[in-house]
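**Student:** what follows is a protein structure lacking sequence information:
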């Protein structure tokens, strides 16, 4: 006899029909698969996802506060990408009246840059003070 694969784990809440659901291994923030790119009609890797403009307008999903989305709170993926509303454009980076990014990160970093959000000398606040955290 073999152990059934669709059992619930300890601590999981059971509800009717749970055993019929499939377990998806969704990993938000990962590159889109070729199959998904084809289904969305994205011709190349430099095309933005269709939901980027709505994320720039309404913000990132609250369920994933540390999600890095290129064009929203992370740099564009390659040098061939451009901000703008033309075909293949990456919308407009969300900034406040002073030109600071609204959703953290720095969408103005060079494409493909993987620097951290906090500089080594500390965090500079809007009034010019530098906060240094030593752990």
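**Tutor:** Done, it's in. Since the model is a prediction, treat every value here as computed from it, not as a measurement.

**Student:** where in this protein is pLDDT low?
**Tutor:** 6-7, 23-26, 112-135 (pLDDT under 70).

**Student:** swap in 80 and give it another go.
**Tutor:** 1, 3-9, 11-12, 14, 18-31, 110-135 (pLDDT under 80).

**Student:** residues contacting the closest residue to residue 90 other than its chain neighbours?
**Tutor:** Counting by CB to CB, 6 or more residues apart in numbering, residue 90 lies nearest to residue 71, which is 4.2 Å off, once chain neighbours are set aside. Placement of C-beta: from N, CA and C, glycine included. Neighbouring residues of residue 71 by CB atoms under 8 Å, 6 or more residues apart in numbering: 48, 52, 56, 81, 83, 90-91, 93, 107.

**Student:** from those, which two are the most distant?
**Tutor:** Within those, two members stand farthest from each other by CB to CB: 56 and 81, at 14.2 Å.

**Student:** where exactly do the strands run in this structure?
**Tutor:** 123-124, 130-131 (DSSP state E).

**Student:** if we can go back for a sec, between residue 56 and residue 81, tell me which one has more neighbours.
**Tutor:** residue 56 (23 against 20; other CB atoms under 10 Å).

**Student:** pretty sure that one sits against residue 89.
**Tutor:** No: taking contacts as CB atoms under 8 Å, residue 56 lies outside contact range of residue 89: 11.5 Å.

**Student:** ok, and for stretch 81-97, which residues are buried?
**Tutor:** When neighbours are counted by 16 or more other CB atoms under 10 Å, the buried residues of stretch 81-97 are found to be 81, 83, 89-91, 93-94.

**Student:** no further questions, thank you.
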